[in-house]
Structure formats: C-alpha cells, structure tokens
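# The following block contains a protein sequence and its predicted model.
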Amino acid sequence: MAEVNSPKIEFDKKGSTSRFNLDVNQYADNFYDLKIVGSGGTAYNLTGYGFSGTIRKHVGSSITATDNITVGFDTIGGQSVGIITAKVTNSLTTSFTKISPRYTYDVIATEHSSGYKRQLVSGDVNVNIGITQVGGGGTDDTTDVLGANRICIAVIDESNNGDNAPSIAEYNTFRETFPNRKHFLLQPVSSGVANTSALMISALESIYISGFGTDTSLNGNEIKVHPVNRDQGSADNASDWFDIVGIQTGSITKLALFVDISGSMTLSTVAASYAKFIGTCTDAGITVRQESNQQEDWIEPFSGILA
C-alpha cells in the first residue's frame, strides 16, 4: 500500500487549483488521504458532497472503463472534518506501462443540493513499475478493497423529500462512482400497507436502478422498493431480508446495511427482522458493515468506501 503525507488542499465555492502528485505502486492497492481546508486553513465540512476521479495517459487522451479512481470518504467522521480517501486499486495499475510510467488525474467534487461540480485537486501519477502480480484483482469481495461491488441494503420507511432526502444529483454521483454496487430498498410498512410515505420523488424513481433488477414478482411491476414488516420486536412478524434480497450463501462474504433511525422508525421498529438477518449472515459467513445517519438519506451511507 502506498502511504503519503496527507496534503492540505484549499477549497471553496469556486473550487480549487491545488495540485498533488500521486506515487503509485503497480500491482498494489494505493491509498491517499486528502485533507480539505477552507481559506483560513480550517477543516472544510464536506457534508453534502460527492466525489469522482479519473486517471488518463494525458489530458487529451480517451477515457476507458478502467480509468476511474474510486474516491470515497474516510469511514469514520471523514465527511465532516474534511478528509476524503482516494484509492488506486491493483486492478487499475495493470494497464500502466514501463515505457512511459507517468499519467495525469483529477478529482471533481459535486454538491448534491445544487448539482454544481468543482475541481478539487489534480496532478501527475508517477508509477513505480511492479514485479509481483497477485491474481487478477478480481471483482469478488475478497479482493474488492473498496467495496466497489458491494451489496447495499437500506431499510427505511419514509423520506421527507426535504434538504436531507436523496437528490437526483446525489444519486447520479453514487451510480457514476459505483456502477456495480447493487442497491436494495426495503420499506417497513404498517398492517400490510404497501407505502407509509414515498421514498423518492418520481424523477428519481424513474432513473433509480434497483438491486431487484427486472423482478416483477411482487405486484406485476418492476420492484423499486420491497415492503417489509414493522415487527416491533416480534419474532412471529419478522421479515426475512436475506431471502427477500435474494442473497445466496457462499456467493459473498461482505455486505453493507443501513437502518433508518430518524424517528419515524428506529431499530426497535424492525428489531426481530434485523436480528434474524444478522444471524443468517453470521451463519453464512457474511460480515455486515452497518452504516447510519439520521437524515433519512438512503444513498449517502453507501457513497463512500465500503471495505
């Protein structure tokens, strides 16, 4: 893993002209912490921003599917204290050549509320040509250090479509950055009612790609949101999230789970279903990474690194 001193990058509403060069070890996973500060040198609160980055041979070269740097928030408090972690994975470095081991990159910050995009940092990528190549840097989650292919499950009963609710810009950034993450929405309902409240505006629903794919087994329509029970801790009323999502034992070893605790529901609302799910995952050898927020935002928990 390449380790570097964390650079301080000045950033404001106009963006940044900061440059920072990346030294990349070929055939290794490379991690870079970037400290984002305001004009006064204090930590810049990155709440409400998404990030994406691209490596190219040179500024005018074409983009390929393997050119993306995956950029995500530090997993503990990074968002609010101005720290993001850029990662250049081993699978990406296989395309680097010893003939000309220098590339260029940039990182773009997207403000979810407005959709505005600003440059955060750019620079050169200097490649230390490797010798030992382990495996192929595959897509299974034993080698997926970023969680780029992670199953993401959000359990939430409503979204108020206000300032904290997912926006189209936020969803587009998530999908562009992590196109292979499967996202499932499970909605606790009352007395079998299909919806307690809309989870998303219709414009977002029209572009939302559900992990259920083209499954129409629920009501004849393609499943965007699957209802589950508000079991209130009763084992008799527990829903089987593992089965609903369609997880196959032995197919994965990690997944990410978000359970809304904003007040319209809490963990106790689905306590029995939650316990059943965690127990089934444990028995299947699956580690559950648990994400949370109190803003009824069912995209943000999965927008960063899910190692």
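Cool, the structure landed. Numbering: from 1, shown residues only.
# Who is residue 107 paired with across the strands?
In this entry, residue 107 is beta-bridged to residue 53, residue 121, by DSSP bridges.
# low pLDDT regions in this structure?
For the chain, residues meeting the criterion pLDDT under 70 lie at 1-6, 58-77, 79, 91, 94-95, 97-101, 131-145, 160-164, 191-197, 307.
# Can you tell me which helices and strands the top helix by length along it packs against?
Looking across the chain with DSSP state H, the single longest helix is helix 271-283. With contacts defined as 3 or more CB pairs under 8 Å, 6 or more residues apart in numbering; DSSP states H and E, the packing partners of helix 271-283 are helix 241-245, strand 254-259, strand 287-291. (C-beta placed from N, C-alpha, C; glycine too.)
# out of those, which comes closest to residue 33?
Proximity to residue 33 (CB to CB) singles out strand 287-291 among the helices and strands packed on helix 271-283, at 19.8 Å.
# Name every strand pairing with the closest one and say which way it goes.
Applying DSSP bridges, one finds strand 287-291 paired with strand 254-259 (parallel).
# what residues does the strand it pairs with touch?
Under the contact criterion CB atoms under 8 Å, 6 or more residues apart in numbering, strand 254-259 has outside partners 141, 147, 150-156, 247, 267, 270, 274, 277, 281, 286-293, 298, 301-302, 306.
# Run the angle between that strand and helix 271-283 for me.
Angle, strand 254-259 to helix 271-283, by axes from the mean of the first three to the mean of the last three CA atoms, to 10 degrees: 170 degrees.
# any idea how far strand 254-259 is from the chain center?
Centre-to-centre, strand 254-259 and its host chain are 11 Å apart (CA atoms, centre = their mean, to the nearest Å).
# Make 461 the starting number, not 1.
Happy to do that; since the first residue is 461 now, the last one works out to strand 714-719.
# Next, residue 544: secondary structure please.
Here residue 544 is recorded as strand under DSSP: H, G, I helix; E, B strand; the rest coil.
# Let me know whether it touches residue 503 as I believe.
No - look at residue 544 against residue 503 with CB atoms under 8 Å: they stay out of range, at 11.7 Å.
# between those two, which one's more packed in?
residue 544 (26 against 14; other CB atoms under 10 Å).
# so that one bridges to which residues?
With DSSP bridges as the rule, residue 544 is bridged to residue 494, residue 533.
# what about the helices in the protein?
Here the chain has its helices, by DSSP H, at 550-553, 628-637, 662-665, 701-705, 731-743.
# Check which residues of the fourth one are buried.
Just to be clear, that refers to helix 701-705. Across helix 701-705, burial judged by 16 or more other CB atoms under 10 Å covers 701, 702, 704, 705.
# The first one and residue 743, how far apart?
Looking back up the chat, that one is residue 701. Distance, residue 701 to residue 743, by CB to CB, to the nearest Å: 14 Å.
# Tell me which residue lies nearest the centroid of the chain.
The residue lying closest to the centre of the chain (CA atoms, centre = their mean) is residue 763, at 2.7 Å.
# just wondering, since we're on the residue lying closest to that residue once chain neighbours are set aside, how far is it from residue 547?
Of all residues beyond its chain neighbours, the one nearest residue 763 is residue 634 (5.0 Å), with distances taken as CB to CB, 6 or more residues apart in numbering. For residue 634, the distance to residue 547 (CB to CB) stands at 16 Å.
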